[in-house]
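*Asks:* I'll drop the sequence and a predicted model, then ask my questions.
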Amino acid sequence: MLTANEIRYSFKSFFEQKGHHIVPSAPMVVKDDPTLMFTNAGMNQFKDIILGNTPAKYPRVADSQKCLRVSGKHNDLEEVGHDTYHHTMFEMLGNWSFGDYFKKEAIAWAWEYLVDVLHLDPDNLYATVFEGSVDDGLSRDNEAASYWEQYLPKSHIINGNKHDNFWEMGDTGPCGPCSEIHIDLRCDTEKLQTPGRSLVNQDHPQVIEIWNLVFMQFNRKADGTLDGLPAKVIDTGMGFERLCMALQGKTSNYDTDVFQPLIKEVAHIAGIAYGTDSRCDVAMRVVADHIRTIAFSITDGQLPGNAKAGYVIRRILRRAVRYGYTFLGQKQAFMYKLVPVLVSDMGEAYPELGMQQQLIIKVIREEEEAFLRTLETGIRLLDKTIAETRVAGQTQISGKDAFTLYDTFGFPLDLTELILREQQMTVDIPAFNAEMQQQKQRARNAAAVETGDWIVLHEGTTEFVGYDYTEYEVQILRYRLITQKNRKLYQIVLNHTPFYAESGGQVGDTGVLVNEQETIEIVDTKKENNLPVHIAHSLPQHPEVPFMACVDTDRRAACAANHSATHLLDDALREVLGTHVEQKGSLVSPELLRFDFSHFQKVSDEELRRIEHIVNIKIRADIPLIEYRNIPIEEARELGAIALFGEKYGERVRVIQFGKSVEFCGGTHVAATGHIGMMKIVSESSVAAGVRRIEAYTGARAEEMFDLMQDTLRNLRSLFNNVPDLAGAIRRSIEENAGLKKQLEELAHEKEIQLKEKLLQNICQVNGIKVISFCLPIPAETVKNIAFQLRGEITENLCFVAGSVDNGKPTLTVMLSDNLVATGLKAGQLVKEAARLIQGGGGGQPHFATAGGKNPDGLKAAVDKVLELAAHV
C-alpha cells in the first residue's frame, strides 16, 4: 500500500516524465491579490498567465498545491469533521497546459496515471462531460466524450449540467467545460443493488469526485456572452486526500495516513479511543483537520487576528478549541501539542513547516488560552441571560442574545444550545439565523464590486520601468469601469509604467497621466493577478493618444527611504536580538514604516536604543545601494539573501544589498542610505504570540517628531520656571499633589462622617418608616457611601432619599432596607418615576437606585415625589 508521501511523489514524477516542469506549492495565504485571501485552487498561482497578463515560462507545469476553502463560494467549513471527505486545508495535485496540449492528452494521461500507474480498477471509474447550455449557445462537449469512449463504456460517461461541468474563474474571465472523474468505493453488494452511475454528484460519501479536468476555451464578458480564448488552457485538480483514501482501501479520508497520526495523538491527549463515540469522533476529526490549516497559515505568514484572513484563521482555531472543550473535555490548551506530529508527517514535503515549528506552537498555545478565557466569559454571560429569561417566565432565549454571544464573544451557537438543553431551555434559531443573514448581507454589500469589461485599445503587456524612471512616455493598453459602494473608479493599464504597484508591504505610487490636452490624476496603483493597474477618478477624453506618466516623486522618495530603513532595521534586529528574528509582515508608506518580526519577548528600551543606533550609524555611513536585478534564485541564495516565509519567488529574482543587509525585494529604495536622513523608533508592541511590531519615522517625519518633543520639553520647562532638573521638579510636583490629594480625601471622609451623624440626629418617622432625606451640593459618590453606611446601621424601615448636585449635574439616590423591599417598595421604580422632574432617567436594584438628569432646579421636587410614592405603597 502506497503511503501519502509516496502518492504525492508518484504524481509529480509521472507528469515530469510527460514534459511538465514541477513547480513548488504557492503559499496558502495570498498576498497582493484583492480578490482572494487564500489559495483555494491549484490554478491561483497561474491566474496571471491564464488571464494573459504574464507570458508562460513553461508550457507544461505540475505541482502539489496546499489549498484552503472556508469562506465565500467554496465554504465547506461547517461540513468539516461531520462527513468523510470535506476539509479546510487540502492538497490539490494538478497539471497545466498553457497553449500546448488540450483535451485529448489531458484525458489520456489522467487515465494512464490512475489505471496504469496507480492500478485503480477501471470498472469503478466514471467520467462526466458538459451536457451543453441553451442560454450560452453551447452544445454537449462531444469532443471530450469521444476521448472518454476510448477508455470507458458509454454507461460510465455521464452528462453533467452547467453547475457541475462548466468551470468559471468568476463572473467574468476565462472559463470552459470540465470533465470530472468519479470513483465508486462501495462494496460489491452495494454496487449490485444500486449502480454507481446513479450516485455520481449525489453527495454519496463513497461515490466521490477525485479529479477535475478543466478545459478553458472561452472568456466570459461582463454582459454574459462568451468569446473564444486565443490560447486554450488545461487546468486539472485532483484531491490528494481523496486519492489516498481510494488507494489505501479506506472509506474515509480521516482513516488514511494523512490524518491518522494526528487523530491518534488527539485520542491519546483526550484519553478517548477513536471510534467509540460518534460525537467525540467528529471532534477529533475537526481538530485533526484544523491544526493543519492553522499551522500552514502561520507558516505562510498569516497569524490569527480580528480582520480579513486573520479572522478566518482565528475562527477555524476557535472552532477546533470549542469541539475539544465540549466533546473531548479539554479545558486547557492542547492543540499546540499536535504540531510535532504534523511536522513529522508533512515536514519532508513542506520543509517550511519544521523551520517555523516553535513559532507555530507558541502562537497556537496563546490563541487557545485566550479563547478558553473567552469561553468562560461567554458561559457567565449566557448564565446571566438564562437567569433573566427565567425571571421573565420564558424558556427560550432570544436569537439576538445568542447572536451577540456568537458575534461579539466568539461563543458558538451549538455550545449555547448544549448548555441550554442541560437547563431545559432552547434558543430562537430562526431569529439567530436572521441576525446572521443580516450580518452576511452587510458584509456582501461592503465588499461588492461591479466590474465592467476591459476596453482594449492596444494589445500588449505592461513593462515596469519604475526602478530607473519616475517619468515615462506611455500608451493606454486598456481600461475598465469599476463600482464599489456607489463610487465609480477607472482601472487603467499602460504599456510601460514608472508607477510602483502596491506589493511587498509598500503602498502604491500616485501621480498623473499628462499630455498637452489634459491631466488625469492617478490616486493609487494596485496589482491584480500580477498586472499593474492604475486607479483614477476619471478617464482621458482621448485615451488613444500618448501620455507622460509622472510619479509623485516626493511621495516616492519618502516610501523609498522608509523601505530601505526597513532593511537596515531587519539587519539590526538580527544583530541585537539574534538570528531567530524573521520578518512577519511590513508596511512601507510615505508617513512611516512598520515592521513585524518573530521574537518571544518584549524588546527592552536598551535593546531598542542599540537597534536605533546601529541603523543610524549605517545611515550616516551613506552605504550605496547594490541592486541585483533579475538574477537566478540560486545566485541570490549564494549571496546570502534573506527570503520571507509565505512569499512565492520565481526562478529569477531581485536582490537589494546595503552593506551586509541582503534581501529579496521588489520595492523601491534610496540610492544610498544617507538619503534616509535618520530613523526614530516610535513604538514597540505585541501583534500576536511570538510576534512583535516596531513603528518608526525617517527623514523629515523624524525631524518633525524631534521638533514636537523639543517644543513639549520647552513648554514643560516653562511651567516649572525653567529649572535645570526638570525630571526632579516633575517628580516633586507629583509627590506634593499626591500628599494634597490624600489630605483632601481625609477631609472629605471627615465631612462624610459629620454629615452622616447629622442625618442620624434628624431622622423623620413617617408611619413607622425612618425617613432620611436632603438636597445638598455634594458628589454622588459621597451620597452613595453615606447611604450604604446608614443601611448597615439602620437595618429595618429605612427610606433614604437624597438629591445631590456636582458640577451642575443633578443626581437622585434612593436606598431602602430589605423589609421595606419585601412590602413591595422598589427603589428602581421610585427613581424612574421621579427622575422625570430632573429631565433624566435611571434605575437599579430593588434596594438601591440612582438617576441622573439635566435640571438641578427640579431636584427638591424629585425628592418629594419619591417620598410621596413611598408613602402610598
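*Replies:* Here it is on my side, so go on.
*Asks:* what's the burial count for residue 529?
*Replies:* By other CB atoms under 10 Å, the residues close to residue 529 number 21. All C-beta spots, glycine's among them, are computed from the backbone N, C-alpha and C.
*Asks:* I'd assumed residue 47 was in contact with it.
*Replies:* Yes - the pair residue 529 and residue 47 qualifies as a contact (CB atoms under 8 Å) at a distance of 4.5 Å.
*Asks:* give me the beta-bridge partners of residue 484?
*Replies:* Residue 484 has these beta-bridge partners by DSSP bridges: residue 449, residue 487.
*Asks:* could we number from 123 for the rest of this?
*Replies:* Shifting the count to begin at 123 puts that one at residue 606.
*Asks:* starting at the chain centroid, how far to stretch 485-504?
*Replies:* 18 Å (CA atoms, centre = their mean, to the nearest Å).
*Asks:* Let's see it as PDB, backbone CA atoms only.
*Replies:* Extracted C-alpha coordinates of stretch 485-504, given in PDB (Å, rounded to 0.1, in the frame of the first residue of the first chain):
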ATOM      1  CA  VAL A 485       1.000  31.200  18.600                       C
ATOM      2  CA  ILE A 486      -1.400  28.300  18.800                       C
ATOM      3  CA  ARG A 487      -1.000  27.900  22.500                       C
ATOM      4  CA  GLU A 488      -1.600  31.600  23.300                       C
ATOM      5  CA  GLU A 489      -4.600  31.700  21.000                       C
ATOM      6  CA  GLU A 490      -6.000  28.600  22.600                       C
ATOM      7  CA  GLU A 491      -5.600  30.100  26.100                       C
ATOM      8  CA  ALA A 492      -7.100  33.400  25.100                       C
ATOM      9  CA  PHE A 493     -10.200  31.700  23.600                       C
ATOM     10  CA  LEU A 494     -10.600  29.500  26.600                       C
ATOM     11  CA  ARG A 495     -10.800  32.600  28.700                       C
ATOM     12  CA  THR A 496     -13.400  34.000  26.300                       C
ATOM     13  CA  LEU A 497     -15.400  30.800  26.500                       C
ATOM     14  CA  GLU A 498     -15.500  31.200  30.300                       C
ATOM     15  CA  THR A 499     -16.700  34.800  29.900                       C
ATOM     16  CA  GLY A 500     -19.300  33.600  27.400                       C
ATOM     17  CA  ILE A 501     -20.600  31.000  29.800                       C
ATOM     18  CA  ARG A 502     -21.000  33.600  32.500                       C
ATOM     19  CA  LEU A 503     -22.900  35.900  30.100                       C
ATOM     20  CA  LEU A 504     -25.100  33.000  29.000                       C
END
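*Asks:* List the buried residues of it.
*Replies:* By neighbour count with 16 or more other CB atoms under 10 Å, stretch 485-504 contains the buried residues 485-490, 492-494, 496-497, 500-501, 503-504.
*Asks:* Mind listing the shared neighbours of residue 651 and residue 169?
*Replies:* Common contacts of residue 651 and residue 169 (CB atoms under 8 Å, 6 or more residues apart in numbering): residue 155.
*Asks:* Which single one of the buried residues of stretch 485-504 is nearest to residue 810?
*Replies:* The shortest gap between residue 810 and any of the buried residues of stretch 485-504 belongs to residue 485, at 6.0 Å (CB to CB).
*Asks:* Just list the residues touching the closest one, thanks.
*Replies:* Going by CB under 8 Å, 6+ apart, residue 485 touches 420, 425, 426, 810, 811, 812, 813.
*Asks:* what residue ranges in this protein score low on pLDDT?
*Replies:* Applying pLDDT under 70 to the chain flags residues 154, 193-198, 566-570, 767-768, 995.
*Asks:* Pull the number of nearby residues for the residue nearest to residue 963 when sequence neighbours are not counted.
*Replies:* Closest residue in space to residue 963, ignoring its immediate chain neighbours: residue 957 at 5.1 Å, by CB to CB, 6 or more residues apart in numbering. For residue 957, the neighbour count with other CB under 10 Å is 25.
*Asks:* Could you tell me whether residue 957 really is in a strand?
*Replies:* No - looking at residue 957 with DSSP: H, G, I helix; E, B strand; the rest coil, it is helix, so not inside a strand.
*Asks:* Give me the distance between the closest residue in space to residue 148 that isn't next to it in sequence and residue 475.
*Replies:* Nearest non-adjacent residue to residue 148, counting by CB to CB, 6+ apart: residue 167, 3.8 Å away. For residue 167, the distance to residue 475 (CB to CB, to the nearest Å) stands at 19 Å.
*Asks:* Who has more neighbours out of these two?
*Replies:* Legend: neighbour count by other CB under 10 Å for residue 167 and residue 475, higher for residue 475 (24 against 21).
*Asks:* Distance-wise, check the more buried one relative to residue 775.
*Replies:* Residue 475 sits 23 Å away from residue 775 when distances are taken as CB to CB.
*Asks:* again with residue 361
*Replies:* Separation of residue 361 from residue 775 (CB to CB) stands at 32 Å.
*Asks:* which stretch of helix or strand covers residue 250?
*Replies:* strand 247-252 (DSSP states H and E).
*Asks:* residues contacting the spatially closest residue to residue 585 that is not a sequence neighbour?
*Replies:* Leaving out its chain neighbours, the residue that sits closest to residue 585 by CB to CB, 6+ apart is residue 618, at 5.0 Å. Residues in contact with residue 618 (CB under 8 Å, 6+ apart) are 584, 585, 586, 587, 594, 595, 596, 671.
*Asks:* Distance of the fourth one relative to residue 667?
*Replies:* With distances taken as CB to CB, residue 587 is found 20 Å from residue 667.
*Asks:* got the contact list for residue 163?
*Replies:* Counted by CB under 8 Å, 6+ apart, residue 163 has contacts 187, 189, 214, 359.
*Asks:* neighbours of the first one, just the number please.
*Replies:* Around residue 187 there are 23 other residues, counting by other CB under 10 Å.
*Asks:* next one: residue 685
*Replies:* Applying other CB under 10 Å, we find 25 residues neighbouring residue 685.
*Asks:* For it, what is the enclosing helix or strand?
*Replies:* Here residue 685 sits within helix 675-699, counting by DSSP H and E.
*Asks:* How far off centre is whichever helix or strand comes after that helix?
*Replies:* Per DSSP H and E, the first helix or strand lying C-terminal to helix 675-699 is strand 705-710. Centroid separation for strand 705-710 versus its chain: 16 Å, with CA atoms, centre = their mean.
*Asks:* what do you get for stretch 659-672?
*Replies:* Centroid separation for stretch 659-672 versus its chain: 37 Å, with CA atoms, centre = their mean.
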